[in-house]
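J.: Provided below for reference: sequence and predicted model.
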Amino acid sequence: MKDMNQTMQISKVAQSFQRGLKTYHDSATQQAQIAQRLSGLMAQHLPHHMNSALEFGIGTGHLTRVLIKNSKIDHLYLNDLVSDCAEFAPRGAAFIGGPIESMALPQNLDLICSASTVQWVEDLPSLLERFSDVLAPGGWLAVSGFGHKQFHELRALGSTAAAPNYMDAADWRFILPQNMTIRHLSQAQTTEWFPSALSLLKHLRDTGVNGATNRSWTTQDLQGFETEYAERFGTNEGLPLTYDPVWILAQKA
């Protein structure tokens, strides 16, 4: 039953991101900035030339573009849950669609990276063990996820739109395989402001990040949501929505 529920959840997330694919790149400004910072960290710590690398959850290519700009990678493998994301893969890269959890991983990789995806993985420790198995000695894991404050305003109002695996920076020390050493770990909250609840919900829809929600909205629901959101969190700047990104770089022994 657990596997069936997980499959249904993955399918819902895929449908949500599929719906938001056309609007994601321009709407997901926070995710773009997170990918830029991850790329900057990789440039500081990783070698410029690598034989092989895998990026999973490429979306519309926020991280992919800076990765191929800043690095020389002989064999680049790309993955996304949504197969239509293949159109964002650069020429020469190998694209493999589907859940990263069940994907046959390339062997002897120098780098596995991903921006703003790991929070959707239900059993992250098992996936990290698989990553460790296919990384070459000295290979790198470079990912960003989100901490427990991510979208906390929505959860406080009873939203079920949260991803299943929010983890603070400190949590990562307990789930990495023993043969992985943390080289960088950081977390920094940011706030995005919206003039109304409708614009906030549109932002969630356009970026596909509400894939876990089961809610259908009526006009009365929206009015009640906006009133409660404004009463509990509203300021003169509008309605806040908290992003809580976490960046992790780890190296295999």
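T.: Structure's in. What do you need? No experiment lies behind these values; they were computed from the predicted model shown.

J.: quick one, helices of this protein?
T.: In the chain, helices defined by DSSP state H lie at 2-19, 21-27, 29-45, 62-70, 124-134, 152-156, 197-207, 219-233, listed in chain order.

J.: among these, which is nearest Leu249?
T.: The minimum distance between Leu249 and these falls on helix 29-45, with 5.6 Å, by Cβ to Cβ. Backbone N, C-alpha and C define where each C-beta goes, glycine included.

J.: could you give me the buried positions within the closest one?
T.: Gln30, Gln31, Ala32, Ile34, Ala35, Leu38, Ser39, Leu41, Met42 (16 or more other Cβ atoms under 10 Å).

J.: which of those sits closest to Ser114?
T.: Ser114 lies nearest to Leu38 out of the buried residues of helix 29-45, by Cβ to Cβ, at 8.7 Å.

J.: how about Ala94, what does it touch?
T.: By Cβ atoms under 8 Å, 6 or more residues apart in numbering, Ala94 lies in contact with His75, Leu76, Tyr77, Leu78.

J.: what are the bridge partners for it, then?
T.: Bridge pairing for Ala94 (DSSP bridges) gives the partners Tyr77.

J.: dump the buried residues of helix 29-45 to JSON lines, plus pLDDT.
T.: Putting the buried residues of helix 29-45 into JSON lines (pLDDT from 0 to 100) gives the following:
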{"residue": "Gln30", "pLDDT": "91"}
{"residue": "Gln31", "pLDDT": "91"}
{"residue": "Ala32", "pLDDT": "93"}
{"residue": "Ile34", "pLDDT": "96"}
{"residue": "Ala35", "pLDDT": "96"}
{"residue": "Leu38", "pLDDT": "98"}
{"residue": "Ser39", "pLDDT": "96"}
{"residue": "Leu41", "pLDDT": "97"}
{"residue": "Met42", "pLDDT": "97"}
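
J.: looking at the residues you listed, which is nearest Trp193?
T.: Once Cβ to Cβ is applied, the member of those that ends up nearest Trp193 is Gln30, at 11.9 Å.

J.: hang on, isn't that closest one packed against Thr190?
T.: Yes - using Cβ atoms under 8 Å, Gln30 is in contact with Thr190, at 6.5 Å.
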